[in-house]
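Novice: what follows is a predicted structure for the sequence shown.
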Amino acid sequence: MRTLIIIFIVLFLPLPIVLGVFFNEDKEFFFKFYGFKVEFSSLMNKFKQKKNHKKTKKNKSKDKKSENNTLTNLKALYFSLTKSYIKPYLFVSLYNEYGVGDAALDGIIYGLIFAFNAIPLALIKSIMNLKILKFQINPAWNEEKFLIKLNIIFIFNLFIIIFLLLLFFYKSKKLKSLKKSLPT
């Protein structure tokens, strides 16, 4: 009886993942994961060094095949998340401060940001339960400034992960069988 209660708690206990992304005009770009700071610029330098050491020839047909498989997997993941009733929760808080030095151009950019922010929010809302805690954009009139602070909290549980994985594998097999049945 105790084991059933423990299994039930583990399956349905919400697990939050807290992530922060920061970028400013001094080209400082870093992530915060549960208070641990990971600087992205140092990671990019390490990645560039490794990439320079690995200069090998690649087969183009293998690249196309892996690209098609990746695209098929992404389609399956997107469709399985959009059609699912069980979705993880996403809490978003965004603070943006920007300025390009001209007040008129700042106003135009301000309008464009609010005109186009609905597109990524609608895409995210179709695959997750989205809750926006704070969405604050402040233009710095007649100043050159850029700062983004994005705080994200994913909340899911083990049941949601298992359910979405099963749904994803089912949809990916279905898409692959449809792809094979189409004439080339």
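Specialist: Sure, I can see it.

Novice: what about the strands in this structure?
Specialist: Assigned by DSSP state E, the chain shows strands spanning 15-24, 29-33, 36-39, 89-100, 129-139, 144-156.

Novice: where does this protein dip in pLDDT?
Specialist: Along the chain, segments meeting pLDDT under 70 span 40-69, 175, 178-179, 181-184.

Novice: okay, which residue is most central for it?
Specialist: Centroid-nearest residue in the chain: Ile124, 8.5 Å away (criterion: C-alpha atoms, centre = their mean).

Novice: got a list of what that one touches?
Specialist: Ile124 makes contact with 90, 130 under the criterion C-beta atoms under 8 Å, 6 or more residues apart in numbering. In short, each C-beta sits where N, CA and C put it, glycine included.

Novice: ok, back up a step: deepest of the strands of the chain, which one?
Specialist: The highest mean neighbour count among these, using mean count of other C-beta atoms under 10 Å, belongs to strand 89-100: a mean of 17.

Novice: mind listing residues that contact that one?
Specialist: Strand 89-100 is contacted from outside by 106, 109, 113, 124, 128-156, using C-beta under 8 Å, 6+ apart.

Novice: distance between it and the chain's centre?
Specialist: Taking C-alpha atoms, centre = their mean, to the nearest Å, one finds the center of strand 89-100 at 14 Å from the center of the full chain.

Novice: that one - which strands sit beside it in the sheet, and in what orientation?
Specialist: For strand 89-100, the paired strands and their directions (DSSP bridges) read strand 129-139 (parallel), strand 144-156 (antiparallel).

Novice: what about the residue lying closest to Leu158 once chain neighbours are set aside, neighbour count?
Specialist: Nearest non-adjacent residue to Leu158, counting by C-beta to C-beta, 6 or more residues apart in numbering: Leu11, 5.1 Å away. Applying other C-beta atoms under 10 Å, we find 13 residues neighbouring Leu11.

Novice: try Phe116
Specialist: Neighbours of Phe116 using other C-beta under 10 Å come to 10.
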